[in-house]
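> Fold the stuff below for me.
(chains A, B, C and D)
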There are 2 protein chains.
Amino acid sequence: MRIGELAARAGTTTRTLRYYEARGLLPARRDGNGHRTYDESDLRLLRQIRTLQDFGFDLEETRPFVECLRAGHPEGDSCPAALVVYRRKLAELDALIGQLTAVRETVAGQLARAERARDDLAADALVPGGPEPACELGGLTR
Amino acid sequence: MRIGELAARAGTTTRTLRYYEARGLLPARRDGNGHRTYDESDLRLLRQIRTLQDFGFDLEETRPFVECLRAGHPEGDSCPAALVVYRRKLAELDALIGQLTAVRETVAGQLARAERARDDLAADALVPGGPEPACELGGLTR
DNA sequence: GTAGGGGTTGACGTGGGCGTCAAGGCAAGG
DNA sequence: CCTTGCCTTGACGCCCACGTCAACCCCTAC
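Sure, this is the predicted structure:
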């Protein structure tokens, strides 16, 4: 099959396939016209790449998986080098999720504080006689 | 104070300050020599920007906070526009953390599966007589 | 003949937030 | 006078995974 068909079958673009070839990740044979030619095994490799890309793997990180498949192993992650990438990615994900969660909590706290400040000001505006509602002296303003 | 001092006091670089000015975020007065001049309030604005940047806010997203401070409000998040950004960021963070967590679980599952497959093959290699260890027929191979 | 639908290479654009270099000015100190 | 140090503007580099455009070739159908 040619580049357009492979791209369509993998749900990607010809530009992407040419890019992968330029990076040495998915080389192609050529027919008499100089057109790139692919077979079903290339589709398999491409799908492996795309899956990992969707997971957020860098292109270079997919290389061990592709080479593993090309070496004849049943799965892209049948090789130690791929497992190393998996483990490193897991550590990266854990670190990132941890950071993002911490930021999320901080931002949530800031938002809550800012909303409280805003509501306090609004309450002050409604009750002109009492800018300091709590802790005046006693409790019986009325 | 001049640009170098402000950068140092905010823990950033002169390049960054010029970039902010080019983006209209932190304009500077000029002295007789054409040198940028800042005061303490600019440091305040800059610190607001840097804090939000550290949280992962886009530069444009810091603008409402900066304008809020410049308008004389006590905090950068004393204005509704800033609260909108907070809420949007929270939603983005939640979505992102959710996606990353899902990916993390998927990758962890793939890793576990791949390791099991590897261990099974290793076991097969150690026991040449039994490539199918479980569910042979009965249970008493010995 | 020509229009259309494939393909080819090469090269520049994108986004974000700067880093880095080039070429020059201006003031203080030895 | 010269160096040092700070400043100025302008412009290109970076990273990554492509998108997009240009100019051209090839085959088929009408």
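> for stretch A:43-50, the distance to its chain's centre please.
Using CA atoms, centre = their mean, to the nearest Å, the distance from the centre of stretch A:43-50 to the centre of the chain it belongs to is 18 Å.
> What are the buried residues along that stretch?
Judged by neighbour count using 16 or more other CB atoms under 10 Å in any protein chain shown, the buried positions of stretch A:43-50 are A:Leu45, A:Leu46, A:Arg47, A:Gln48, A:Ile49. Placement of C-beta: from N, CA and C, glycine included.
> try stretch A:66-79
Along stretch A:66-79, the positions that meet the burial threshold by neighbour count (16+ other CB under 10 Å) are A:Val66, A:Glu67, A:Cys68, A:Leu69, A:Gly76, A:Asp77, A:Ser78, A:Cys79.
> Just the closest of the buried residues of stretch A:43-50 to DNA strand D, please.
Taking CB to the nearest atom of the strand as the measure, DNA strand D sits nearest to A:Ile49 out of the buried residues of stretch A:43-50, at 7.6 Å.
> So the closest one sits against A:Tyr19, correct?
No - here A:Ile49 does not reach A:Tyr19: they are 10.9 Å apart, not a contact under CB atoms under 8 Å.
> quick revisit: among the buried residues of stretch A:66-79, which are in reach of chain B?
With the criterion set as CB under 8 Å from any CB of the partner chain, the members of these near chain B are A:Asp77, A:Ser78.
> could the buried residues of stretch A:66-79 be laid out in TSV, adding secondary structure and pLDDT?
What follows is the buried residues of stretch A:66-79, written out as TSV (DSSP: H, G, I helix; E, B strand; the rest coil; pLDDT from 0 to 100):
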residue	secondary structure	pLDDT
A:Val66	helix	98
A:Glu67	helix	98
A:Cys68	helix	98
A:Leu69	helix	98
A:Gly76	coil	97
A:Asp77	coil	97
A:Ser78	coil	96
A:Cys79	coil	96
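> Would you mind measuring from A:Thr62 to DNA strand D?
9 Å (CB to the nearest atom of the strand, to the nearest Å).
> Quickly note the distance from the residue nearest to the spatial centre of chain A to A:Glu75.
By CA atoms, centre = their mean, chain A has its centre lying nearest to A:Gly56, at 4.2 Å. A:Gly56 sits at a distance of 20 Å from A:Glu75 (criterion: CB to CB, to the nearest Å).
> near DNA strand D, which residues of chain A show up?
Contact residues, chain A versus DNA strand D (CB under 7 Å from any atom of the strand): A:Thr12, A:Thr13, A:Arg15, A:Thr16, A:Tyr19, A:Asn33, A:Gln53, A:Asp58, A:Leu59, A:Glu60.
> if you average pLDDT over the helix or strand hosting the third one, what comes out?
Assignment of secondary structure by DSSP states H and E places A:Arg15 within helix A:14-22. Mean pLDDT, computed over helix A:14-22, is 97.
> starting at the chain centroid, how far to that helix?
Centre-to-centre, helix A:14-22 and its host chain are 21 Å apart (CA atoms, centre = their mean).
> the helices in chain A, which residues?
Per DSSP state H, chain A has helices spanning A:3-10, A:14-22, A:40-54, A:59-70, A:80-126. These are given in chain order.
> Point out the most buried one among those.
Mean neighbour counts were compared across the helices of chain A using mean count of other CB atoms under 10 Å in any protein chain shown; the top stretch is helix A:59-70, at a mean of 19.
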